[in-house]
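[1] what's the 3D shape of this:
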Amino acid sequence: MIEIIAEIGVNHDGSLAKARQLVTVARDCGADWAKFQTFKAAQLATDTAPTAAYQRVHHAGPQQTMLSRLELGEDAFRELRAFCREVGISFLSTPFDPGSLEFLLSLGLATVKVGSGELTNLPLLERLGAAGVRVILSTGMSTLGEVERAIRALQDAGCRELVLLHCVTQYPTPIDQVNLRAMATLRSAFGLPVGYSDHTPGIEVAVAAAALGAVVIEKHLTLDPTAPGPDHAASSAPAEFAALVRAIRNVEAALGDGVKRPAACELPNRVVARKSLVAARDLAAGAVIAAGDLVVKRPGGGIAPRHRDRVIGLRLARAVARDTVLSWDDFRHES
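    Residues are numbered from 1 along each chain as shown. Here you go, the predicted structure:
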């Protein structure tokens, strides 16, 4: 089953009440995970670290100032994890500094999500690998060689369960730069399960990723895409997110098991849609069938057209009228 992550991230705007509301929305939309971002602003960025262009739309100052307004404390995350259990959705978060990683591990999480920005943070990855938890690793902004180094750091440290997410770290991501075929490249290069973290407008790219074999789909969720904040504009409102989940589940059901065989629903239609050998004219008992005595018509269920050459030259055991669907019982079986 494809795992669907509702990336709440920092769309709670620093409000625990809004974070709880988003958890409930994620659950109601059908997501499997409600994911947050766990960080200490002062540990994540220097006093002078700049914001990205998409972040400057709502914040012109240093990155740390913006992040400090979006930071939730450890007690808030404890409450959110408990709330996720209460409402029936799994809690997930991304650590951005060593202290936040240790805190998340102290909660006993079995899965930790790593953001694209930490892919080259090998000390963090080594500590996470040593924890022995399942890791979901986003690979935005990276080369194949950088992904390989990150995988090695995790696995050499002890990580045994790892999922790679293809990702483009731009909010929103231009459609023509998504490069979904990179999912197949990652799968082939590393032999690991691969998913997709989506930052495009709409839902079609994420649905396409599901059709291409993504085992995890992540997309940002917000209560209001027009709200001020770094990620709201690249996030789905509840109705759109719910549509995304429905579409992914439909794609998942449609993918099937890959065995080529008649579907149960189409079996009754084989007689209707396929054809049989049919008498082209009235034929008397004892007549020897010639090529001109046969036509191919619906329905199926009689002698299949592939046996035409076998039927030519056989002698009829009884008279048949024009348009009779022929069966093997219509012919004499001479020893």
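
[2] show me where the chain dips below the pLDDT cut-off.
    Scanning the chain for pLDDT under 70 picks out the ranges 43, 48, 51-61, 65, 68, 335.

[3] can you give me the strands in it?
    In the chain, the segments counted as strands under DSSP state E are 3-9, 33-38, 90-95, 111-114, 134-138, 162-167, 194-198, 216-220, 276-279, 294-297.

[4] so how far is residue 91 from residue 194?
    23 Å (C-beta to C-beta, to the nearest Å). Heads up, the C-betas are built off the backbone N, CA and C, glycines and all.

[5] these two - which one has more neighbours?
    residue 194 (25 against 20; other C-beta atoms under 10 Å).

[6] how about the most centrally placed residue in the chain, what does it touch?
    The residue lying closest to the centre of the chain (C-alpha atoms, centre = their mean) is residue 210, at 3.1 Å. For residue 210, the contacting residues are 2, 217, 247, 248, 251, 252, by C-beta atoms under 8 Å, 6 or more residues apart in numbering.

[7] and the fifth one, how many neighbours?
    The one in question is residue 251. 19.

[8] that one touches residue 213, doesn't it?
    No - between residue 251 and residue 213 there is no contact under C-beta atoms under 8 Å: 10.4 Å.

[9] residues touching the residue nearest to residue 219 when sequence neighbours are not counted, list them.
    Nearest non-adjacent residue to residue 219, counting by C-beta to C-beta, 6 or more residues apart in numbering: residue 198, 4.7 Å away. By C-beta under 8 Å, 6+ apart, residue 198 lies in contact with 173, 205, 206, 209, 217, 218, 219.

[10] for the closest residue in space to residue 270 that isn't next to it in sequence, give its distance to residue 268.
    Leaving aside its sequence neighbours, residue 270 sits nearest to residue 300 (C-beta to C-beta, 6+ apart; 5.7 Å). Per C-beta to C-beta, residue 300 is found 11 Å from residue 268.

[11] about what we covered before: which of the contacts of residue 210 count as buried?
    Buried subset of those (neighbour count, 16 or more other C-beta atoms under 10 Å): 2, 217, 247, 248, 251, 252.

[12] just flag the most distant two among the residues you listed.
    Within these, two members stand farthest from each other by C-beta to C-beta: 2 and 247, at 11.0 Å.

[13] give the contact list for the closest residue to residue 25 other than its chain neighbours.
    Ranked by C-beta to C-beta, 6+ apart and with sequence neighbours excluded, the top spatial neighbour of residue 25 is residue 238, at 5.0 Å. Contact analysis of residue 238 by C-beta under 8 Å, 6+ apart lists 25, 28, 29, 221, 223.

[14] would you turn these into CSV with neighbour count and distance to residue 134?
    Putting the contacts of residue 238 into CSV (neighbours: other C-beta atoms under 10 Å; distance: C-beta to C-beta, whole Å) gives the following:
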residue, neighbour count, distance to residue 134
25, 20, 25
28, 14, 26
29, 21, 23
221, 27, 22
223, 17, 29
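
[15] okay if I get the residues you listed as TSV plus distance to residue 126?
    Formatted as TSV, the contacts of residue 238 follow (distance: C-beta to C-beta, whole Å):
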residue	distance to residue 126
25	36
28	38
29	35
221	31
223	37
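
[16] helices - which of the residues you listed land there?
    Applying DSSP state H to the contacts of residue 238, the entries found in helices are 25, 28, 29.

[17] the first one contacts residue 235, correct?
    Going back to what we said before, that points to residue 25. No - if you go by C-beta under 8 Å, residue 25 and residue 235 don't touch, sitting 11.5 Å apart.

[18] so where do the helices sit in the stretch 1-150 of the chain?
    Assigned by DSSP state H, counting those that start in this stretch, the helices in the stretch 1-150 of the chain fall at 16-29, 41-44, 63-70, 74-87, 98-106, 122-131, 144-157.

[19] and of these, who's closest to residue 261?
    helix 16-29 (34.4 Å).

[20] could you give me the buried positions within that closest one?
    16, 18, 19, 20, 22, 23, 24, 25, 26, 27, 29.

[21] nearest residue to the second one other than its sequence neighbours?
    The reference is to residue 18. Per C-beta to C-beta, 6+ apart, closest to residue 18 is residue 12, 4.5 Å.

[22] just the fifth one next, same as before
    Excluding the flanking residues, the one nearest residue 22 by C-beta to C-beta, 6+ apart is residue 8, at 4.6 Å.

[23] distance-wise, check the one you found relative to residue 127.
    24 Å.

[24] out of those two, which sits in the busier spot?
    Neighbour count, other C-beta under 10 Å: between residue 8 and residue 127, residue 8 has more, with 29 against 18.

[25] so the more buried one touches residue 223, yeah?
    No - counting by C-beta under 8 Å, residue 223 is not a contact partner of residue 8; they are 9.9 Å apart.

[26] who touches both of the two?
    residue 22.

[27] need the distance between the two termini of stretch 245-265.
    Terminal residues of stretch 245-265 lie 25 Å apart, using C-alpha to C-alpha, to the nearest Å.
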